[in-house]
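**Q** Attaching a predicted model along with its sequence, questions to come.
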Amino acid sequence: MLNDSHVATRLPAQDLGRARAFYADKLGLEPVEERPGGLLYRCGGGRFALFESAGAPSGDHTQMAWEVDDIEAVVERLRDRGVVFEEVDLPGFRTVDGIAYVEGNYPSAGVGERAAWFRDSEGNLLGVGQPVR
């Protein structure tokens, strides 16, 4: 039943116009469809939607992430577009120039992951990751 279904992320936006501008200007993404109060985006084989909401995300966990082949190049290009990456310095977990090494991974995805996180204009915590094989 559900295992044959597509999965799509939904991200809240208190100001849909501001969010649309962030995704276009900072991430280079344009919606493929629109409806009142919503914008639909496609990336690779997946999709996500921004929806107008009075609620705000907690920002305490990664809500959506992209898997990339070259995290340094992606982080550099996004920084050039004005994206600000989170810096973390915790025991056993630290970013260096915005990129962290994450121990362990799912067996099909390698032995670890390099990851970086940033917030969109609405406070959603987003990430980019590159598997370490």
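**A** Yes, it's here. Residues are numbered from 1 along each chain as shown.

**Q** what are the ranges of the strands in the protein?
**A** Secondary structure of the chain by DSSP state E: the strands cover 8-13, 33-35, 38-43, 46-52, 64-67, 89-90, 93-96, 99-103, 112-119, 125-132.

**Q** Direction included, what does the second one pair against?
**A** The sheet places strand 33-35 alongside strand 38-43 (antiparallel), with pairing taken from DSSP bridges.

**Q** Show me what the lowest-mean-pLDDT helix or strand in the chain is in contact with.
**A** Every helix and strand of the chain was ranked by mean pLDDT, DSSP states H and E. The lowest is strand 89-90, at a mean of 85. Residues outside strand 89-90 that contact it (Cβ atoms under 8 Å, 6 or more residues apart in numbering) are residue 95. All C-beta atoms are positioned from the backbone trio N, CA, C, and that covers glycine.

**Q** How far off centre is that strand?
**A** 21 Å (Cα atoms, centre = their mean, to the nearest Å).

**Q** Repeat that for stretch 107-115.
**A** Offset of stretch 107-115 from its chain centre (Cα atoms, centre = their mean): 17 Å.

**Q** in that stretch, what counts as buried?
**A** For stretch 107-115, burial by neighbour count (16 or more other Cβ atoms under 10 Å) applies to 113, 114, 115.

**Q** Residue 50 and residue 23, how far apart?
**A** Using Cβ to Cβ, to the nearest Å, residue 50 is found at 7 Å from residue 23.
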